[in-house]
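Trainee: Sequence and predicted structure below; questions after.
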Amino acid sequence: MRAQLIILIAYAAILLAISWGSTVLLKRGTSNKTLNYLLAGRNMPSILVAVMLVGLAVGGASTVGVAESAYTKGFSAGWYNAAWGLGGIFVGLFVARHFRRMTVKTIPQIMGQMFGPYTRLLSVACQLLVMITITALQYVAGGAILAALLPDYFTLRDGMLISCAVFIFITLFGGYWASGLTNLFNVVMIYVGIVVALIFTLKGFGGFSSLVAQLPPGKDWFHPVDGLGLPVVVGFVAVMVTMATTTQAVSQITFAAKDENVAQRGFIWGGIIILPAGFLCAVFGVMAAVKFPGLEQASLALPNLVNGLSPVVGGIFLASLWAADISTAVGLLMGCSTLILEDVVKKIYPRPLTGSREMLVSRMVVLLVSLLSFGLALTVKGILTTITAALALTTSFTFIVVAAIYCPRLLKRTAGFWVVLLSLVLWLLWTFFPAVRILPHLIYAEWLGCGLTLVLFALFAREPAGDIFADSIKRELEELGDNGAVPLPKAEPNPKTV
């Protein structure tokens, strides 16, 4: 137990040191300190783009959450992460380059440019709802990991508080550079820890064939689809492709990339790296079903299983699970900070913010969102169920953005607000009125409802939506000025009026 605690403390110290050291990068690059803090000065290389994506994908839901689902559903629970990887590859192939051309910093800015201020405001509410929910899940997973593997030192709530403190420190001081650099370390740690722990745990069962022989009868635990069922697997893919395209925390990675090619390469490689993680963690859930039948809290399946490992291997795996949790949370907190600064504070504050005030507001938002999501975490049950329902909210944004890129003539000015509102209403009905759940997953209702609404407006409305690429030629000038505003040239006097 002491060895595990020492490894965990050493790992946390390394992350905090990287975060503190990354403050040096905040002083380099552009003169706009806030742009450096929130978007790494739009200068992130491919490797950091890739690990930022992997860090967001492989979090508490992808490790503890997948094992929780696999405890009852089997190997097919790994599709949660495989779908995430496919979503990242989709963005790399079809969206990332287009996003990097834009001068915007948030998804609601895109919505406002196309559909007006009311759609932008509604988009802010939906995006924050999604990201705060997912952040809350990272606290649940982090607390479960620490409480199960170090019960002499942490309760569930203590583990959540410690996780919260580390999330805040990394994000508060180092910003987006700290997120990228710590994720570079985290991703290596995640895969090393998972693979090493998997090998040693399988040895404890006498090998893979011995594990299969001990499984409870009645179903094929290692069938690639049957445990979840094909409709749910397809739903996972639909959710993740939809989410990866327009969730602020994911899209912000493309806005921070050095250029269009970097954004595209980073997302494709990131998606490929993500693919196997869920299936590896699903094996842990299956093993826990053999060793710990009848657990009241299935979220403890993976942590309980690791207690049987040697202190060193268990400590490495503990750190890797916590790394997955931290890597997701810091990206989400940065997304929330950017969103609130650009789409709320700057819209209501009467005067332009100076660089120092922007930094202060950004950091205060990180603190406030952390506290809010921690409160929400105390009420969360069922990690994957909660997260996939919340992610389905991004359907409206994805349909609109993909249409704006590939068939902009179909979008009408009046469509945006109603499509986003419909997406929110469908989520509320699904969440609070279970009787309406006639489809296998919320994502099917979202795709059907948002798609039909867009088609109806395309047929009967007249005024076209705004052009999201109208100001793309000013992209490099965005870094000028404390607020990232681009000074427009003065108009030439009209000879006829002089």
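Mentor: That came in fine, so what should we check first?
Trainee: So which elements touch the one helix or strand Ala404 maps to?
Mentor: When elements are assigned from DSSP states H and E, Ala404 belongs to helix 395-406. Packing partners of helix 395-406 (3 or more CB pairs under 8 Å, 6 or more residues apart in numbering; DSSP states H and E): helix 107-115, helix 117-149, helix 230-246, helix 415-432, helix 442-460. C-beta coordinates here come from the backbone N, C-alpha and C atoms, glycine included.
Trainee: if we go to 6 Å?
Mentor: When contacts are defined as 3 or more CB pairs under 6 Å, 6 or more residues apart in numbering; DSSP states H and E, helix 395-406 sits against helix 230-246, helix 415-432, helix 442-460.
Trainee: ok and the shortest one relative to helix 117-149, angle-wise?
Mentor: Using axes from the mean of the first three to the mean of the last three CA atoms, to 10 degrees, the direction of helix 230-246 lies 120 degrees away from that of helix 117-149.
Trainee: what residue ranges in the chain score low on pLDDT?
Mentor: 1, 25-31, 60, 299-300, 350, 355, 379-389, 470-498 (pLDDT under 70).
Trainee: which residues touch the residue most central in space within it?
Mentor: Central residue of the chain (CA atoms, centre = their mean): Leu56, 4.3 Å from the mean position. Contacts for Leu56 (CB atoms under 6 Å, 6 or more residues apart in numbering) come out as Ala249, Thr328, Gly331.
Trainee: out of the residues you listed, who's nearest Gly218?
Mentor: Using CB to CB, Thr328 comes nearest to Gly218 of the contacts of Leu56, at 34.3 Å.
Trainee: List the contacts of that closest one.
Mentor: Listed by CB under 6 Å, 6+ apart, the contact partners of Thr328 are Leu56, Gly59, Gln138.
Trainee: Point me to the helix or strand that includes the first one.
Mentor: Put plainly, it is Leu56. Here Leu56 sits within helix 46-57, counting by DSSP H and E.
Trainee: sorry, back to before: and the helix holding Ala404 with helix 415-432, angle?
Mentor: Using the same axes, to 10 degrees: helix 395-406 against helix 415-432 is 150 degrees.
Trainee: Make residue 1 into 34 and carry on from there
Mentor: Done: numbering now begins at 34, and the last item shifts to helix 428-439.
Trainee: export helix 428-439 as CSV, just CAs?
Mentor: Extracted C-alpha coordinates of helix 428-439, given in CSV (Å, rounded to 0.1, in the frame of the first residue of the first chain):
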residue,chain,number,x,y,z
THR,A,428,-26.2,16.7,-32.5
SER,A,429,-27.6,20.1,-33.5
PHE,A,430,-24.1,21.7,-33.7
THR,A,431,-22.6,18.9,-35.7
PHE,A,432,-25.4,18.8,-38.3
ILE,A,433,-25.2,22.6,-38.7
VAL,A,434,-21.4,22.8,-38.9
VAL,A,435,-21.1,19.9,-41.4
ALA,A,436,-23.8,21.4,-43.5
ALA,A,437,-22.1,24.8,-43.4
ILE,A,438,-18.8,23.3,-44.6
TYR,A,439,-20.2,21.0,-47.4
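Trainee: how deep is the closest residue to Gly111 other than its chain neighbours tucked in, by neighbour count?
Mentor: Spatial nearest neighbour of Gly111, chain neighbours left out: Phe312 (3.3 Å); criterion: CB to CB, 6 or more residues apart in numbering. When neighbours are counted by other CB atoms under 10 Å, Phe312 registers 19.
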